[in-house]
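S.K.: need a structure here:
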Amino acid sequence: MVDEAHTGECLCGGVRYRVAGRLQPVVDCHCGQCRRTHGHFAAYTAAGKAVLELVEAAGLRWYSSSPGIRRGFCGTCGASVFWERTDGPDISIAAGTLDAPTGLSTIGHIYVADAGDYYAIDDKLPRFARSDEGALDTAAT
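M.R.: Numbering: from 1, shown residues only. Prediction:
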């Protein structure tokens, strides 16, 4: 985990944020919703909602993709930025929206049973057919 403050933004700057706390290592999600939202699999880090500050939210829009789940994106440039359980303490942040250097690394893949047929997962990181059921949480600490 990383203890420094991090910043990030969408492509046009209509959504900018600052995280004043730890970021979780990156998990790649291959579910159909992430692939459709991102145009490929999604790479997410996460932080506590309490340490996320929206510096600019004029472009931020939310889409309820499943019961209790919503995805935050920029209504101007279309960039996918956030994923969250509305009643959970954490928010997932699209790793590609972070400003470098992040100091993060990818620790695994989830929903590989839904992965697209046009790519291969070639690394040796842990893979889970569906959710990791919290297994990667312990790998992150």
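
S.K.: select the helix or strand of this protein having the lowest average pLDDT value.
M.R.: helix 135-139 (a mean of 74; mean pLDDT, DSSP states H and E).

S.K.: which residues touch the most centrally placed residue in the chain?
M.R.: The centre of the chain sits closest to Tyr44, judged by C-alpha atoms, centre = their mean, with a distance of 2.6 Å. Residues counted as contacts of Tyr44 (C-beta atoms under 8 Å, 6 or more residues apart in numbering) are 26-29, 83, 92-95. Quick note: C-beta positions are derived from backbone N, CA and C, even for glycine.

S.K.: do that again at 10 Å, thanks
M.R.: By C-beta atoms under 10 Å, 6 or more residues apart in numbering, the contact list for Tyr44 reads 24, 26-29, 34, 38, 80, 82-83, 91-96, 110.

S.K.: can you check Arg16 too?
M.R.: 7-10, 53-60, 74, 81, 97, 99.

S.K.: follow-up on the earlier one: tell me which element the residue nearest to the centre of the chain falls in.
M.R.: strand 42-48 (DSSP states H and E).

S.K.: C-alpha coordinates for that strand, PDB please?
M.R.: Presented in PDB, the C-alpha positions along strand 42-48 are these (Å, rounded to 0.1, in the frame of the first residue of the first chain):
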ATOM      1  CA  ALA A  42     -10.500  -2.500 -15.900                       C
ATOM      2  CA  ALA A  43      -7.600  -1.900 -13.600                       C
ATOM      3  CA  TYR A  44      -8.700  -0.500 -10.200                       C
ATOM      4  CA  THR A  45      -7.100   0.600  -7.100                       C
ATOM      5  CA  ALA A  46      -9.200   1.500  -4.000                       C
ATOM      6  CA  ALA A  47      -9.200   3.900  -1.100                       C
ATOM      7  CA  GLY A  48     -11.500   4.800   1.800                       C
END
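
S.K.: buried residues of that strand, list them for me.
M.R.: Using 16 or more other C-beta atoms under 10 Å as the test for burial, strand 42-48 gives 42-48.

S.K.: dump those residues into CSV; add distance to Ser66 and pLDDT as well.
M.R.: Converted to CSV, the buried residues of strand 42-48 look like this (distance: C-beta to C-beta, whole Å; pLDDT from 0 to 100):
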residue, distance to Ser66, pLDDT
Ala42, 15, 98
Ala43, 20, 98
Tyr44, 15, 98
Thr45, 21, 98
Ala46, 17, 97
Ala47, 21, 97
Gly48, 22, 96
